[in-house]
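Enquirer: Structure of the sequence below:
(one chain, ligands or ions: 2)
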Amino acid sequence: MPTGPANETARAPEPQPGNGPVRTGKRRLGVMGGTFDPIHHGHLVAASEVAAQFHLDEVVFVPTGQPWQKSHRKVSPAEDRYLMTVIATAENPQFSVSRIDIDRGGPTYTVDTLRDLRALNPDTDLFFITGADALAQLLTWLDTEELFSLAHFIGVTRPGHLLTDAGLPEGGVSLVEVPALAISSTDCRARVAKGDPIWYMVPDGVVRYIDKRELYRGE
Ligand SMILES: Nc1ncnc2c1ncn2[C@@H]1O[C@H](COP(=O)(O)OP(=O)(O)OP(=O)(O)O)[C@@H](O)[C@H]1O
Ligand SMILES: O=C(O)c1ccc[n+]([C@@H]2O[C@H](COP(=O)([O-])O)[C@@H](O)[C@H]2O)c1
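Expert: Ligands and ions are numbered 1, 2, ... in the order given. The predicted structure follows:
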């Protein structure tokens, strides 16, 4: 649901690379969580831009297992969403994909994602990347207080959504402007269902995978 003019920001994002918490010298791991049904260039550009601005060593994409806030609608099988994410990120040496949310089972909570990633990556600072729409919902997530002790949150601009850190802990979130791509997975699915092209909205390999697996047809 759009909440403001295209790409509006509530306050100017800090422009300096490396903004956010004081640098600790530890490895810096970005975490891009999403349902990725399908993954599209909006996700990829956001991750790439944050990686550059925050000097991240790597960004791990974490497809949700069961996104509990999307339980009202059909979500494609996790394996399809995982494979599309692998295809989309394969060529970028800075990008990787984790199965942790899929393999854990049950509803996906970011607090579990971050706890697991912390355990798997000692001596690493975590940066959780989220679009303006998801950031606006963050106070509805499970265990929000603990979330901010596990990672620094980075909210990125998204066309049609207001980017704001209102109500979130001071110092826990950075707001960042990323190149505006008015693409959503919802729109990609609707286009496939109508027989419209999604070339150049998602990576070529993802177009072919959707075709091969006959995803989103007749939805
Ligand atoms: N075009 C975009 N620009 C910036 N951030 C985005 C964009 N699309 C998605 N995101 C962010 O990526 C994360 C994962 O998004 P998700 O997989 O739910 O995609 P979506 O396009 O929002 O899907 P859907 O339309 O099915 O709700 C969220 O934090 C979301 O805000
Ligand atoms: O932890 C929660 O309660 C929670 C509730 C909704 C969304 N999230 C996370 O937010 C990210 C984007 O979710 P989504 O549903 O917009 O694809 C993804 O990593 C989800 O696991 C997390």
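Enquirer: contacts and neighbour counts: CA atoms only from here.
Expert: Noted.
Enquirer: For the helix or strand containing Leu44, buried residues please.
Expert: Using DSSP states H and E, Leu44 falls within helix 41-53. By neighbour count with 16 or more other Cα atoms under 10 Å, helix 41-53 contains the buried residues His41, Gly42, His43, Leu44, Ala46, Ala47, Ser48, Glu49, Val50, Ala51, Gln53.
Enquirer: One more: stretch 167-178?
Expert: Leu168, Gly172, Val173, Ser174, Leu175, Val176, Glu177, Val178.
Enquirer: Out of the residues you listed, list just those in strands.
Expert: Under the assignment DSSP state E, the buried residues of stretch 167-178 contribute Val173, Ser174, Leu175, Val176 to strands.
Enquirer: Which single one of these is nearest to Pro67?
Expert: Using Cα to Cα, Val173 is the member of these that lies nearest Pro67, at 22.4 Å.
Enquirer: secondary structure class for the closest residue to that closest one other than its chain neighbours?
Expert: Distances taken as Cα to Cα, 6 or more residues apart in numbering put Phe153 closest to Val173, at 4.6 Å, once the chain neighbours are dropped. Under DSSP: H, G, I helix; E, B strand; the rest coil, the three-state class of Phe153 is strand.
Enquirer: Tally up the residues packed near Cys188, please.
Expert: Cys188 is flanked by 23 other residues according to other Cα atoms under 10 Å.
Enquirer: does ligand 1 sit close to whichever strand or helix holds it?
Expert: Here Cys188, judged by DSSP H and E, is contained in helix 185-194. Yes. For helix 185-194, a contact with ligand 1 is found by Cα under 6 Å from any ligand atom, at Ser185, Thr186.
Enquirer: mean confidence score for that helix?
Expert: The average pLDDT for helix 185-194 rounds to 98.
Enquirer: what does stretch 82-98 give?
Expert: For stretch 82-98, mean pLDDT is 98.
Enquirer: Can I get that stretch in PDB? Just the C-alpha atoms.
Expert: Coordinates of each C-alpha in stretch 82-98 appear next as PDB, following Å, rounded to 0.1, in the frame of the first residue of the first chain:
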ATOM      1  CA  TYR A  82      15.400 -20.500  -3.200                       C
ATOM      2  CA  LEU A  83      16.500 -21.600  -6.700                       C
ATOM      3  CA  MET A  84      15.400 -18.300  -8.300                       C
ATOM      4  CA  THR A  85      17.400 -16.500  -5.700                       C
ATOM      5  CA  VAL A  86      20.500 -18.600  -6.400                       C
ATOM      6  CA  ILE A  87      20.100 -18.000 -10.100                       C
ATOM      7  CA  ALA A  88      19.700 -14.300  -9.700                       C
ATOM      8  CA  THR A  89      22.800 -13.900  -7.400                       C
ATOM      9  CA  ALA A  90      25.100 -16.500  -8.900                       C
ATOM     10  CA  GLU A  91      27.300 -14.100 -10.900                       C
ATOM     11  CA  ASN A  92      28.000 -11.700  -8.100                       C
ATOM     12  CA  PRO A  93      30.900 -12.900  -5.900                       C
ATOM     13  CA  GLN A  94      29.700 -10.700  -3.100                       C
ATOM     14  CA  PHE A  95      26.300 -12.300  -3.000                       C
ATOM     15  CA  SER A  96      25.400 -15.600  -1.400                       C
ATOM     16  CA  VAL A  97      22.100 -17.400  -0.500                       C
ATOM     17  CA  SER A  98      21.200 -19.100   2.800                       C
END
